[in-house]
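A.B. asks: Following is a predicted model, sequence given first.
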Amino acid sequence: MTDRPSAGRADFYVLKRADARARNVFACRLTEKAYLKDLKVLVLTGDDAQAREFDGLLWTFSDDSFVPHQIVSAAQPAEESAPVCIAVDPAIAPPVDLVVHLGNHPPDSLTRFARIAEIIDSDENRKRLGRERFKFYRERQLTLETHQIDE
């Protein structure tokens with residue numbers, strides 16, 4: 001049995017360039033936009049190094065922004081007041097309104113969240129992995145939306 005919300009949704013944001021930094025900056029902008037709408041956000045990364053990299057970028061991607069956040073782990077649980085959490089394991093994440101998924105493969109538990117954002121660039125491998133995630137969500141009957149992003 002799949003753990004799935006009744007109104008699960010996955011949004012795929014498709015960037016035209018094959019640029020990992022542009023993909024991460026877009027993830028920062030998306031996270032900031034959700035934070036400014038008072039949404040709780042989980043940025044789910046593929047590994048600890050990516051979590052630390054995204055943490056640093058979230059502080060520096062724009063001179064005009066401030067997005068309070070913390071990296072969470074089994075050893076460092078989320079503070080209740082943290083509007084944005086960065087984690088590798090969705091099982092330790094607090095309830096959130098939006099997951100910005102930066103990993104390559106979605107864990108099945110990811111579908112317990114009501115809304116998931118996937119960011120795909122034009123790198124052939126990331127496009128292939130994005131198609132696999134699209135199929136994964138479709139099989140679990142999430143509502144799927146695709147957004148072409150002009151940078």
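C.D. replies: Yep, that arrived. As the structure is a prediction and not an experimental result, all values here were calculated from the model.
A.B. asks: what bridges to the residue most central in space within the chain?
C.D. replies: Centrality entry for the chain: nearest residue to the mean C-alpha point is Val100, 1.3 Å, by CA atoms, centre = their mean. Following DSSP bridges, Val100 is listed with bridge partners Val43, Ala117.
A.B. asks: all helices for this structure, in order.
C.D. replies: Under the criterion DSSP state H, the chain contains helices at 20-36, 48-60, 124-139.
A.B. asks: most packed of those helices?
C.D. replies: helix 20-36 (a mean of 18; mean count of other CB atoms under 10 Å). For glycine as for every other residue, the C-beta is placed from the backbone atoms N, C-alpha and C.
A.B. asks: Tell me which other helices or strands that one touches.
C.D. replies: Helix 20-36 sits against strand 9-15, strand 41-44, helix 48-60, strand 98-101, strand 115-120, with contacts defined as 3 or more CB pairs under 8 Å, 6 or more residues apart in numbering; DSSP states H and E.
A.B. asks: Give me the residues contacting the third one.
C.D. replies: Under the criterion CB atoms under 8 Å, 6 or more residues apart in numbering, residues 24-25, 27-28, 31, 43, 45, 67, 69, 71, 84, 86-88, 102-103 lie in contact with helix 48-60.
A.B. asks: about what we covered before: list the contacts of the residue nearest to the centre of the chain.
C.D. replies: Val100 touches Ala27, Leu30, Thr31, Ala34, Val41, Leu42, Val43, Leu44, Ala117, Ile119, counting by CB under 8 Å, 6+ apart.
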